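Undergrad: Predicted model and sequence below, questions to follow.
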Amino acid sequence: MTLSNRVIVVALSVLVICTAASLQAAPLTTLWLHNIHWLTTNTACLVLAVLGYLHASPEHRPFKGWFVIGTLAYFNGGLLWVFEVFTRHADFPQQSDIFYPLMGPCLVIGFIIALRSQLSLAKSWAFIIDALSFSMAILGYILIAYLPKSGDVTFLQLAVLTAYPVSMLSAALLSLLLIPYLRPVWTLPWLLLSAGLMLEGLCWMQWNLNALNHLPQTNLWTNTGFSVADLLIGAGLYGWQIQTSTQAAYLAQCRRLRNWIPMLAFVFGLCSLLLVWWQSGPHPHAYQVVMASVASILCFSAIRQSILLRESEKLLSAEKLLAEKEKEYLQLSRTDPLTGLHNRIAMFNLLEHAVINAASDSGKVSLLILDLRQFQTINDSFGHKTGDAFLREIAQRLQYISNEHGELGRVHGDKFALIISQHKTDSQLTQLADDLCRIVHKPVLINDHELILDSCIGISIYPRDAGNAEQLTRHANTALTQAKRAGQQPFLFYSREQTRLEQNRYALDIQLRKAIKKQEFFLLFQPIFSLTQHQPPRITSIEALIRWKNPRGETICPADFIPYAEQSGLIVPIGEWVIAEALRHLSILGQSYGQRIGLSINISPRQFRNHHLSMQVAEHLQKNALSPASVTLEITESAVFEHEAQALEIINQLKATGVRISLDDFGVGNSSLFKLKHLPLDELKIDRAFMLDVPESSADSEILSTIVKTARILGISVVVEGIETQAQLDFIRSTECDCIQGFLLGRPMAIEDIQALLLQLAAPSPA
């Protein structure tokens, strides 16, 4: 049993015992017994209020403290009353009359503090006005009951007599009024407190009426009522707490009840007026009291409604502003803030509606997705503000063309989409795509910078290519990806073959990542031979060539995976592995062969642009104790001449490590002999395409001879690839070329075979 229950049980037991004993006791003994259970229940009320304060949460303690103050004042009044009774003080009012009525106002203050912690200022004032209305009605009712018998009492005595029931009954009604305002989950403590205060007020009212009628003030029921009321008040104060309910039906009932409160107060005041009419010989001022009470209630009701109306206007204004903000937010959520076009979410919703409408009337929906090539270079070179201005200009151009065709939106970064619900043939879509690409390609002048970019477009059509909006979007993106890779045609229609290619690319991506992790790659080496007059070719260098052996044991040619590895970026870790593995093999070969031999390593364009390349090469050279001059890095034309300034900086970094630089596949790209003199190259590697018709084609033979002679003038050594016949070898020897490479003299082979070949060529021939 908890301490609070023990207090209630003890006090209730004392009450029952004293009440039962007073039935047959003498008057003086009865007085003692009544004072005992009064003081006991009064003490229990104070103890329960203190326990409720101690058990309350920090946010509840401010109003619980006032409950303790009120019960403490009432307890002091009880002590003074007992002292006054047994010292036979007959004066009225006495000291106890100062403390007894204070409990009601203290509880009211606690109620208002609890209310302010939960509600707005306007609703708090509405509650206070409701409380004043009921208090005025109670005051009027009590004065009507008291005035006819108050002829021989002073004004101060009448005020004290009135304060007793008014304070208790007002506090009781306020406790009930708080229920619709604060909507508590557990209302039993609230009801116990209201019942206790109501009983306390009625007992005091009856006590005072007996005094005004010159009747005995004490009787069994009144005395017991005081003690029962004390226990009810103590139990209510102990459990009284604020925990708002979330039940919708209960909250709706509380809201309706709040609206009826002014009417209930007014009806209560009218009942007092009816009571005056029904009484015989009322006090002369009774009518004035009732009318003042009713008038006060009407005034309070008007003020209350004015406050709530102002609060409602504020709420309506706030709701209107919120609705405008929500509308603005909805607009922003569907609009791209940079260009003012539809954003990705809005475009997908429009596409879904277009597809649904097309399905209902057997129509077509075309989706064009446009992407700007190399847009990031604008941001990198001129800043994001210039990039944003460029996108706004492109958006205006696209909108100018696409307004009469369909809905245009910016779906991501530099990617735009056009939804066309009108029926258009493939030729019409081709013409539209061509117009879009041409208008994008026109120069854009921003801050004295003339900016020009190309674009590419992917096109998919419902229902030919897809059955819903999601598939249509995916297939348009697939066509766009293929158009970006193709590079020749700026736009492509979707085809099922594109999906198959993308799926193969995805599968290849997974396999490559696993291959990197499991180290499924290995190296072959193809010898490079030097040419001298009247002597057989001699191996001076080897070229490292990567191969991939998958888990099924199949050897995959580099042409089948290197291009994708370059596009996906996986070439960077693969290339680093090639450098490390090739230099490791070169170190082992040098130790076993005993002579210096060179090594050529192919560097992909993406790997070449990696700023860590020079550090990686230097690190692996030092690790394997190799001379940098023995290593040649082969760089393709596209890597060098796509961004010449950046390429020159990277080449200088590599040259600083001591390695040699070779320009690979020379002649098949956009390079020229004039550009060679500006690059610090050590070697020129002529592509095998020039050897296909040599020496049969005099034109090709002359071109090859010219390249070799020009390179020698520039001080650059030359390696010719693709030597597969003796005639080709004899011709190349006549050009005084430095080195050759081809299947005629040596195919790609394992490092062990290279070692055996070197030993075989180094061995003296038999006499």
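TA: Good, I have the coordinates.

Undergrad: all contacts plus neighbour counts: C-alpha atoms, from now on.
TA: Fine.

Undergrad: So in that sheet, which strands flank whichever strand or helix holds L368, and in what orientation?
TA: Assessed by DSSP states H and E, L368 sits inside strand 365-372. Using DSSP bridges, the strands paired with strand 365-372 in its sheet are strand 415-420 (antiparallel), strand 455-462 (antiparallel).

Undergrad: Quick one: residues in contact with stretch 543-562.
TA: 508, 515, 520-528, 571, 578, 582, 599-602, 748 (C-alpha atoms under 8 Å, 6 or more residues apart in numbering).

Undergrad: try 6 Å this time
TA: Applying C-alpha atoms under 6 Å, 6 or more residues apart in numbering, the set of residues contacting stretch 543-562 from outside is E520, F521, F522, L523, L524, F525, Q526, L599, S600, I601.

Undergrad: which of these are buried?
TA: F521, F522, L523, L524, F525, Q526, L599, S600, I601 (16 or more other C-alpha atoms under 10 Å).

Undergrad: How much space separates the residue nearest to E576 when sequence neighbours are not counted from Q622?
TA: Nearest non-adjacent residue to E576, counting by C-alpha to C-alpha, 6 or more residues apart in numbering: Q616, 7.5 Å away. Distance, Q616 to Q622, using C-alpha to C-alpha, to the nearest Å: 10 Å.

Undergrad: ok, back up a step: quick check, nearest of the buried ones among the contacts of stretch 543-562 to P536?
TA: Q526 (17.6 Å; C-alpha to C-alpha).

Undergrad: can you list the weak-confidence ranges in the stretch 201-350 of the chain?
TA: 216-218, 259-319, 322-323, 325-333 (pLDDT under 70).

Undergrad: go with 50
TA: Residues of the stretch 201-350 of the chain meeting the criterion pLDDT under 50: 280-281.

Undergrad: quick check: longest strand of this protein.
TA: Assignment by DSSP state E gives strand 535-549 as the longest strand of the chain.

Undergrad: Tell me where the stretch 651-767 of the chain has helices.
TA: 673-676, 698-713, 726-734, 751-762 (DSSP state H, counting those that start in this stretch).

Undergrad: Next, the angle helix 698-713 makes with the third one.
TA: To tie it back to what came earlier, the one meant is helix 726-734. Using axes from the mean of the first three to the mean of the last three C-alpha atoms, to 10 degrees, the inter-axis angle of helix 726-734 relative to helix 698-713 is 40 degrees.

Undergrad: Buried residues in helix 726-734, which are they?
TA: Q728, L729, I732, R733.

Undergrad: can you redo the residues you listed as JSON lines with distance to L193?
TA: As requested, those are exported to JSON lines (distance: C-alpha to C-alpha, whole Å):
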{"residue": "Q728", "distance to L193": "114"}
{"residue": "L729", "distance to L193": "115"}
{"residue": "I732", "distance to L193": "114"}
{"residue": "R733", "distance to L193": "117"}
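
Undergrad: how about stretch 595-611 as CSV, C-alpha atoms only?
TA: Below are the C-alpha coordinates for stretch 595-611, written out as CSV (Å, rounded to 0.1, in the frame of the first residue of the first chain):
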residue,chain,number,x,y,z
GLN,A,595,71.9,-6.8,-68.9
ARG,A,596,69.8,-3.7,-69.0
ILE,A,597,66.6,-3.9,-71.0
GLY,A,598,63.9,-1.3,-71.4
LEU,A,599,60.2,-1.5,-70.6
SER,A,600,57.3,0.2,-72.3
ILE,A,601,54.0,0.6,-70.4
ASN,A,602,50.7,1.9,-71.9
ILE,A,603,49.0,4.8,-70.0
SER,A,604,45.3,5.3,-70.7
PRO,A,605,43.9,8.8,-71.1
ARG,A,606,42.1,8.8,-67.8
GLN,A,607,45.1,7.4,-66.0
PHE,A,608,47.3,10.0,-67.7
ARG,A,609,45.1,12.8,-66.2
ASN,A,610,45.5,11.4,-62.7
HIS,A,611,47.8,13.9,-60.9
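
Undergrad: got the buried residues for it?
TA: 596-609.

Undergrad: could the residues you listed go into TSV alongside distance to K123?
TA: Output for those, formatted as TSV (distance: C-alpha to C-alpha, whole Å):
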residue	distance to K123
R596	96
I597	94
G598	92
L599	88
S600	86
I601	83
N602	81
I603	77
S604	75
P605	73
R606	70
Q607	71
F608	73
R609	70
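
Undergrad: Inside strands: which ones of those residues?
TA: Those of the buried residues of stretch 595-611 lying in strands (DSSP E): G598, L599, S600, I601, N602, I603.

Undergrad: Tell me which residues touch the third one, please.
TA: Read that as S600. E543, V631, T632, L633.

Undergrad: Check the first one too.
TA: With contacts taken as C-alpha under 6 Å, 6+ apart, G598 has the following neighbours: S541, S630, V631.

Undergrad: Equivalent analysis for the second one, please.
TA: Neighbouring residues of L599 by C-alpha under 6 Å, 6+ apart: S541, I542, E543, V631.

Undergrad: one step back: what about the residue nearest to E576, how many residues close to it?
TA: 13 (other C-alpha atoms under 10 Å).

Undergrad: Repeat that for L54.
TA: Quick note: L54 (other C-alpha under 10 Å) scores 14 neighbours.

Undergrad: need the next SSE after the one helix or strand it maps to, C-terminal direction.
TA: Element membership of L54, judged by DSSP H and E, is helix 27-55. Scanning forward in sequence from helix 27-55 by DSSP H and E, the next helix or strand is helix 61-86.

Undergrad: and that following helix, what other elements does it pack with?
TA: Where contact means 3 or more C-alpha pairs under 6 Å, 6 or more residues apart in numbering; DSSP states H and E, helix 61-86 is packed against helix 27-55, helix 96-99, helix 103-116.

Undergrad: For D454, which of those is the nearest?
TA: helix 103-116 (66.3 Å).

Undergrad: how far out from the middle of the chain is the closest one?
TA: 43 Å (C-alpha atoms, centre = their mean, to the nearest Å).

Undergrad: After it, which helix or strand is next?
TA: helix 121-146.

Undergrad: What are the buried residues along that following helix?
TA: 122-146.

Undergrad: Quick one: mean pLDDT for it?
TA: Summarised as a single mean, pLDDT over helix 121-146 is 72.

Undergrad: In the stretch 301-450 of the chain, what residue spans correspond to helices?
TA: Using DSSP H, counting those that start in this stretch, helices in the stretch 301-450 of the chain cover 344-360, 376-382, 384-402, 426-441.

Undergrad: would a markdown table of the ones you listed with distance to T154 be doable?
TA: Below are the helices of the stretch 301-450 of the chain laid out as a markdown table (distance: least, C-alpha to C-alpha, whole Å):
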| stretch | distance to T154 |
| --- | --- |
| helix 344-360 | 82 |
| helix 376-382 | 94 |
| helix 384-402 | 88 |
| helix 426-441 | 101 |
